[in-house]
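Chemist: Starting from these lines, generate the structure:
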Amino acid sequence: AVVRVLDHHRVELTGRHIAVVGRSNVVGKPAAHLLLDQNATVTVCHSRTKDLAAVTSAADVVVAAVGRANLLGAEHVRAGAVVVDVGTNPTEDGGLTGDVDAASVAERAGALTPVPGGVGPVTTALLLQHTVRAAAGTS
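Modeler: Model (predicted):
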């Protein structure tokens, strides 16, 4: 879904530096591999990376998939960078918030996916598309 969102918005990946914040087997590592397949230069980091802001603020694209509400703020994003927030963290009022502090990052980022309503629905649509193709016996 991350690659599909970037592709849909015509974000050039070849040769670009992408910081993937998160190392899970479900999102972080697969996203890093798929982005490498698009000829991006990928740095995988996580919540315990020393000076995380230095790593992410050097990136053209930041993919936040760490599972910590509002972990990434404006200091983590270079001006004009594309930020893809994959995080879905429950809030006390029953809502959802991402891994990115959207209020502070929106002013610096060139683009920012919303939570909810960003990567999640794309993921659902892709899963349904793959299920239909599998049921039909096509690839």
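Chemist: tell me how far the ends of stretch 72-90 are from each other?
Modeler: Using C-alpha to C-alpha, to the nearest Å, the end-to-end distance of stretch 72-90 comes out at 16 Å.
Chemist: what comes up buried for it?
Modeler: If you call a residue buried by 16 or more other C-beta atoms under 10 Å, then stretch 72-90 has these buried ones: 72, 74, 76-78, 81-89. Placement of C-beta: from N, CA and C, glycine included.
Chemist: How about residues contacting the longest helix seen in the chain?
Modeler: Secondary structure of the chain per DSSP state H: the longest helix is helix 119-136. Defining contact as C-beta atoms under 8 Å, 6 or more residues apart in numbering, one finds that helix 119-136 is touched by 1-2, 4-5, 84-86, 88, 113, 139.
Chemist: do the same with stretch 62-80
Modeler: 2, 18-22, 24, 27-28, 31, 35, 46-47, 52-53, 56-60, 81-87, 89, 91, 97-101, 104-105, 107-110.
Chemist: Could you give the backbone dihedrals for Ala103?
Modeler: Backbone torsions for Ala103, taken as degrees, to the nearest 10, come to phi -60, psi -40.
Chemist: end to end, how far does stretch 115-123 reach?
Modeler: End-to-end distance for stretch 115-123: 13 Å, by C-alpha to C-alpha.
Chemist: And it, how far out from the chain middle?
Modeler: Mean-position distance between stretch 115-123 and its chain equals 11 Å (C-alpha atoms, centre = their mean, to the nearest Å).
Chemist: Report the buried residues of that stretch.
Modeler: For stretch 115-123, by 16+ other C-beta under 10 Å, it's 115, 118-120, 122-123.
Chemist: Report the mean per-residue pLDDT for it.
Modeler: Stretch 115-123 shows an average pLDDT of 94 in the prediction.
Chemist: ok, and for the longest helix of the chain, which residues are buried?
Modeler: 119-120, 122-123.
Chemist: what do you get for stretch 14-34?
Modeler: So, applying 16+ other C-beta under 10 Å, buried residues of stretch 14-34: 16-23, 27-28, 31-32, 34.
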